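**Q** I would like to see how this sequence folds:
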Amino acid sequence: MSNTTAPKRFPMAWFYLALLVAYPLLVYPENALFRLTEISIGMQLTYIFIYAILALGLNVVVGYTGLLHLGIAAFFGIGAYITGILTVPAYPFQVGFIAALVLSTAGAALLGVLLGAPTLRLRGDYLAIVTLGFGEVTRFTLRNLEEITAGTRGLNPVPPPQLPGVLATPLSWLGIQPDWSLDYRLFYYLALGLLVLVVVLLTNLERSRLGRAWVAIREDELAATCMGINAARVKLSAFALGCGLAGMAGCLYATTLTSTAGPDAFDFNRSIIMLCCIILGGLGSLRGTLLGVVLLIGFDNVAAPVLDGLIQGANINPNGNPLLTFSNWKLLIFGVALIVMMRFRPEGLLPSRVVEEELVGYAPQPRGKLLRAR
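**A** Numbering: from 1, shown residues only. Below is the predicted model of the structure:
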């Protein structure tokens with residue numbers, strides 16, 4: 001009799017169902033439930049969708065292929081600045097959102113290939129140091145090229161997408177104004193729609209020959225090479241796809257924010273936050289990465305401001321004592337949560353099947369349980 005139990009699976013179909021439910025969530029204007037704070041919860045959900053695309057791109061490189069990438073924020077910023085250069089009135093291009101989205105994705109993917117080609121022979125800490133250094137070089141380059149990037153001010157205003165006139169009437173039936181500056185739900189649906197497309201793409205890639213090659217490289221590169229897999233080409237494809245998705249997220253970020261933001265918005269901390277999201281949810285797991293982004297970014301962008309608003313509304317902290325402000329405790333709470341999770345569930349909250357079987361499913365049982373099983 002086997003001494004293991006099959007791990008319970010969480011069907012990916014539930015995530016598709018959750019995404020479908022999220023579409024009509026904000027059909028009507030924000031009600032009292034969303035007015036607990038001065039920030040727009042709908043816009044914060046839009047940023048969560050954008051960061052989910054960024055985390056899914058990083059998961060392709062780190063989770064699927066096992067390459068430690070610490071510079072994903074650089075490609076996020078590259079996508080944002082390509083969008084700014086192509087669309088802001090200060091430049092003569094003004095190509096529109098669709099062209100900017102395609103070119104930002106392709107440009108970030110091309111730079112990912114140019115970075116990965118000479119460095120993918122490095123492994124482990126050495127590759128991590130190279131990507132970290134590239135991220136810092138990119139940030140300071142964006143800051144110092146003031147004639148092109150406007151330095152620390154960033155490029156603005158980034159115009160919103162242009163809706164076809166044929167969509168104006170159906171949107172008005174749903175109570176949505178076709179003016180991007182007046183109705184946040186247009187950005188909400190745009191970001192959510194692209195997130196759904198990315199999830200569908202990665203789900204199919206995960207089951208394809210290329211996806212299995214990524215996992216084979218992660219598990220044992222030497223054995224995969226002996227089986228005929230071109231390790232360099234497979235790792236380069238993962239690098240290109242991950243960086244391309246980061247560029248797409250950067251384009252959405254700049255369009256939603258109507259600005260590229262300053263170079264410091266794409267620093268090392270952003271890369272680490274995204275890495276924490278996929279570690280929290282589970283390396284190599286689509287559903288785990290989405291859950292990690294919802295928990296971590298949602299905790300930072302939604303839960304903390306809402307709790308601060310509740311404390312302020314209840315007049316619990318009239319003197320502004322920093323010890324009674326929830327935002328001052330959020331990093332401590334997050335750090336403790338990570339420590340507890342690493343101690344009791346190192347594979348993540350929703351790990352991939354391979355990782356779950358390695359860390360949980362085939363773990364040896366105590367002798368007493370083994371004898372009782374027999």
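**Q** Which helix or which strand is home to the residue nearest to Ala108 when sequence neighbours are not counted?
**A** For Ala108, ignoring the flanking residues on the chain, the nearest one in space by Cβ to Cβ, 6 or more residues apart in numbering is Gly247 at 2.5 Å. Where C-beta positions appear, they are placed from N, C-alpha and C, glycine not excepted. Element membership of Gly247 [criterion: DSSP states H and E] is helix 231-257.
**Q** Off-centre distance for that helix?
**A** Helix 231-257 sits 10 Å away from the centroid of its parent chain (Cα atoms, centre = their mean, to the nearest Å).
**Q** Which positions within it qualify as buried?
**A** 231, 234-257 (16 or more other Cβ atoms under 10 Å).
**Q** Also stretch 121-140?
**A** 127-128, 130-132, 134-135, 138-139.
**Q** so which of these comes closest to Pro118?
**A** The closest of those to Pro118 turns out to be Val130 (Cβ to Cβ; 9.2 Å).
**Q** For Ile72, give me its contacts.
**A** Contacts for Ile72 (Cβ atoms under 8 Å, 6 or more residues apart in numbering) come out as 54, 57-58, 61, 131, 135, 242-243, 246, 270-271, 274-275.
**Q** can you tell me the helix or strand for the spatially closest residue to it that is not a sequence neighbour?
**A** Excluding the flanking residues, the one nearest Ile72 by Cβ to Cβ, 6+ apart is Leu58, at 4.6 Å. Assigned by DSSP H and E, Leu58 belongs to helix 41-59.
**Q** how far does that helix sit from the chain's center?
**A** Worked out by Cα atoms, centre = their mean, helix 41-59 lies 5 Å from the chain centre.
**Q** do the same with stretch 127-147
**A** 20 Å.
**Q** Would you mind putting the CA coordinates of that stretch into CSV?
**A** The C-alpha coordinates for stretch 127-147 follow below in CSV (Å, rounded to 0.1, in the frame of the first residue of the first chain):
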residue,chain,number,x,y,z
LEU,A,127,21.8,35.4,-12.9
ALA,A,128,20.0,37.1,-10.1
ILE,A,129,22.8,39.7,-9.7
VAL,A,130,22.8,40.4,-13.4
THR,A,131,19.1,41.0,-13.6
LEU,A,132,19.2,43.1,-10.4
GLY,A,133,22.0,45.2,-11.9
PHE,A,134,20.0,45.6,-15.2
GLY,A,135,17.0,46.9,-13.2
GLU,A,136,19.1,49.5,-11.4
VAL,A,137,20.9,50.6,-14.6
THR,A,138,17.5,51.0,-16.3
ARG,A,139,16.1,53.1,-13.5
PHE,A,140,19.1,55.5,-13.5
THR,A,141,19.1,55.7,-17.3
LEU,A,142,15.4,56.7,-17.3
ARG,A,143,16.2,59.3,-14.7
ASN,A,144,19.2,60.8,-16.5
LEU,A,145,17.8,60.9,-20.1
GLU,A,146,15.7,64.0,-19.3
GLU,A,147,15.4,65.0,-22.9
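**Q** what's next to that stretch, contact-wise?
**A** For stretch 127-147, contacts defined as Cβ under 8 Å, 6+ apart pick out 67-74, 77-78, 81, 115, 119-120, 122, 149, 151-152, 262-264, 266-268, 271.
**Q** Neighbours of the residue nearest to Met43 when sequence neighbours are not counted, how many?
**A** Among residues not flanking Met43 along the chain, Tyr184 sits closest, at 5.0 Å (Cβ to Cβ, 6+ apart). Applying other Cβ atoms under 10 Å, we find 21 residues neighbouring Tyr184.
**Q** One more: Gly228?
**A** Gly228, neighbours per other Cβ under 10 Å, totals 7.
**Q** Check which helix or strand it maps to.
**A** Secondary structure (DSSP H and E) places Gly228 outside all helices and strands.
**Q** Quick check: the gap between it and Ala216.
**A** In this view, Gly228 and Ala216 are 10 Å apart by Cβ to Cβ, to the nearest Å.
**Q** got the contact list for the spatially most central residue of the chain?
**A** Among the residues of the chain, the one closest to the centroid is Ala55, at 2.5 Å (Cα atoms, centre = their mean). Shown in contact with Ala55 (Cβ under 8 Å, 6+ apart): 274, 277-278, 289-290, 292-293.
**Q** residues contacting Tyr188?
**A** Contacts for Tyr188 (Cβ under 8 Å, 6+ apart) come out as 26, 42-43, 45-46, 49.
**Q** What is the nearest of the residues you listed to Ser352?
**A** For the contacts of Tyr188, the residue nearest Ser352 by Cβ to Cβ is Phe49; the value is 21.9 Å.
**Q** ok, how many other residues are close to that closest one?
**A** Quick note: Phe49 (other Cβ under 10 Å) scores 28 neighbours.
**Q** The one 5 residues further on now?
**A** Taking other Cβ under 10 Å as the criterion, the count of residues near Leu54 is 30.
**Q** Per-residue confidence, it, what does it come out as?
**A** We note a pLDDT of 97 for Leu54 in this prediction.
**Q** And it, how close does it get to Leu332?
**A** Separation of Leu54 from Leu332 (Cβ to Cβ) stands at 25 Å.
**Q** How about Arg143?
**A** 31 Å.
**Q** quick one, which of those two is more surrounded?
**A** Ranked by neighbour count (other Cβ under 10 Å), Arg143 and Leu332 place Arg143 first, with 14 against 9.
**Q** Tell me, what's the model's pLDDT at Leu19?
**A** On the pLDDT scale, Leu19 gets 58.
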